[in-house]
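Trainee: build the 3D model from these lines:
(one chain, ligands or ions: 1)
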Amino acid sequence: MWRSNGLPHEHEIQAWDRESYQLWLRSCVRPSAQDKLTVTTPPKGSSITGVPMRLFWTGPHEFIPDGPESIWYAPHVQNFRVLEPAELPRPFVCGAIHDGIAINTNFYLISLVSTIRALGGRIIRASLPREGGLAQAIMAAEEIVQSDKGGGIQEQHQHPVDLFVNATGLGARTLVPDSDVYPIRGQTVTVRGEAKNITTMFYPGVNASITPRVGSGVSVLGSTYQAGNWDRNPDPQVTRTILERCKALGPELLNDDGEFDVVSVDVAFRPGRRGGPRVELEEIVIDGATEDGSEIRTRVVCHEYGHAGGGYQNSFGSARKVVELVNSWFRQENNVDRARL
Ligand SMILES: Cc1cc2nc3c(=O)[nH]c(=O)nc-3n(C[C@H](O)[C@H](O)[C@H](O)COP(=O)(O)OP(=O)(O)OC[C@H]3O[C@@H](n4cnc5c(N)ncnc54)[C@H](O)[C@@H]3O)c2cc1C
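Mentor: Numbers count the residues shown, from 1 in each chain. Okay, the predicted model is just below:
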């Protein structure tokens, strides 16, 4: 779903999230005559759908220093409205609603892969070594690309790899290595049925949320946000809390017994990073000397990791920054107009 996690001072993240919202909104929502959100019924396989987003708080929260109207994106999302006291279920003290975006990530990732292929990109799957530092991983990646026979890369370029983009998420912790990278554990419960709204309930500690996976016949209830927790096993108590908190706000998902039909309970890890996402260039010394001791070999890497719980909504803006960094490097170093990305 789109729900910015940007704090009031995090202007770059806000800009990234704003860009995705506008882009996705244009691709899924048609304003009706009353300028209200029209929830479109997407064709099967469609990945981005306009769905109303409801936000509820049980008390003060860092996202809303002066009430729901002070959330940074209030002026930037369509049809934002603070809820009236009569519209607030217990135990919530304030809330807001706006036109939201539901992403069916299964379909979305498949469509991204198709786009890459349609643009002439090739996808090579391989595991890079994590123990020898970035230089070793880069050398391994270069070797893999050079030995790949499928794409005619060697015919196209005299130097097969001009520059690397490191988007290894949580893997950057060991691959770079970057000790600021840490896991943020999220436990979710997938249930049968598609919710009519995206709903986020901000409780102290564990939030709760309901997100329809439109086109798949299920909704995802979530989610914990446990920094530094590597436990892959679902916690039954957390599952109970999530189900209990979501019951009142997703009645359309309940069966005749008033319960959710649970499809699965899952645990995943957001790639957190102290200091926020790292999107910058780095020159890596591959080795200090060739055989005759005369040359220092370097490679350039553009890092693009550490997006925590916002990797989808950060994606367009932060990828644009990568392209700008890469293009400026090409201009400076190689006197080439544009990177072949
Ligand atoms: C429960 C939960 C809910 C979320 N909800 C949202 C949401 O509503 N909106 C949103 O925007 N975001 C959400 N996120 C966050 C989002 O999923 C992440 O921010 C995003 O997936 C990060 O993308 P990434 O490509 O940077 O990293 P990843 O998706 O982690 O991809 C990194 C890739 O690098 C590969 N890799 C790592 N190391 C190596 C290696 N040594 N060799 C080869 N490959 C390697 C990995 O296999 C992986 O494929 C959620 C996350 C969770 C867990």
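Trainee: got the buried residues for stretch 126-134?
Mentor: 128, 130, 134 (16 or more other C-beta atoms under 10 Å). No exception for glycine: its C-beta is placed from N, CA and C like everyone else's.
Trainee: tell me the one of these nearest Gln237?
Mentor: Of all those, Gln237 sits closest to Arg130, with 33.2 Å by C-beta to C-beta.
Trainee: mind checking which helix or strand the closest one is in?
Mentor: Using DSSP states H and E, Arg130 sits in no helix or strand.
Trainee: can I assume it is in contact with Thr174?
Mentor: Yes. In this structure Arg130 lies within contact range of Thr174 using C-beta atoms under 8 Å: 4.2 Å.
Trainee: my guess is Ile210 meets Asn197, correct?
Mentor: Yes. Using C-beta under 8 Å, Ile210 is in contact with Asn197, at 7.2 Å.
Trainee: of the two, give the one with the bigger neighbour count.
Mentor: Ile210 (26 against 19; other C-beta atoms under 10 Å).
Trainee: can I assume the more buried one sits in a strand?
Mentor: Yes. Under DSSP: H, G, I helix; E, B strand; the rest coil, Ile210 falls within a strand.
Trainee: where's it relative to the ligand, distance?
Mentor: 12 Å (C-beta to the nearest ligand atom, to the nearest Å).
Trainee: quickly list what that residue is bridged to.
Mentor: For Ile210, the beta-bridge partners under DSSP bridges are Thr199, Leu221.
Trainee: for it, what are its contacts?
Mentor: With contacts defined as C-beta atoms under 8 Å, 6 or more residues apart in numbering, Ile210 is in contact with 195, 197-199, 219-221, 246, 249-250, 253.
Trainee: contact partners for Ser20?
Mentor: Ser20 neighbours (C-beta under 8 Å, 6+ apart): 2, 312-317.
Trainee: and which of those is nearest the ligand?
Mentor: When the contacts of Ser20 are compared for distance to the ligand (C-beta to the nearest ligand atom), Tyr312 wins out at 3.1 Å.
Trainee: whatever residue of the stretch 201-341 of the chain ends up closest to the ligand and Thr241: what is the separation?
Mentor: Nearest residue of the stretch 201-341 of the chain to the ligand (C-beta to the nearest ligand atom) works out as Gly311 at 2.2 Å. Noted for Gly311: a distance of 25 Å to Thr241, by C-beta to C-beta, to the nearest Å.
Trainee: now do Asp162
Mentor: With C-beta to C-beta as the criterion, Asp162 and Thr241 are 50 Å apart.
Trainee: ok, now Ser328?
Mentor: Counting by C-beta to C-beta - Ser328 and Thr241 are separated by 48 Å.
Trainee: so which of those two has more stuff around it?
Mentor: Using other C-beta under 10 Å, the more surrounded residue of Ser328 and Thr241 is Thr241, with 17 against 12.
Trainee: just the pLDDT at that one, thanks.
Mentor: Thr241 carries a pLDDT value of 95.
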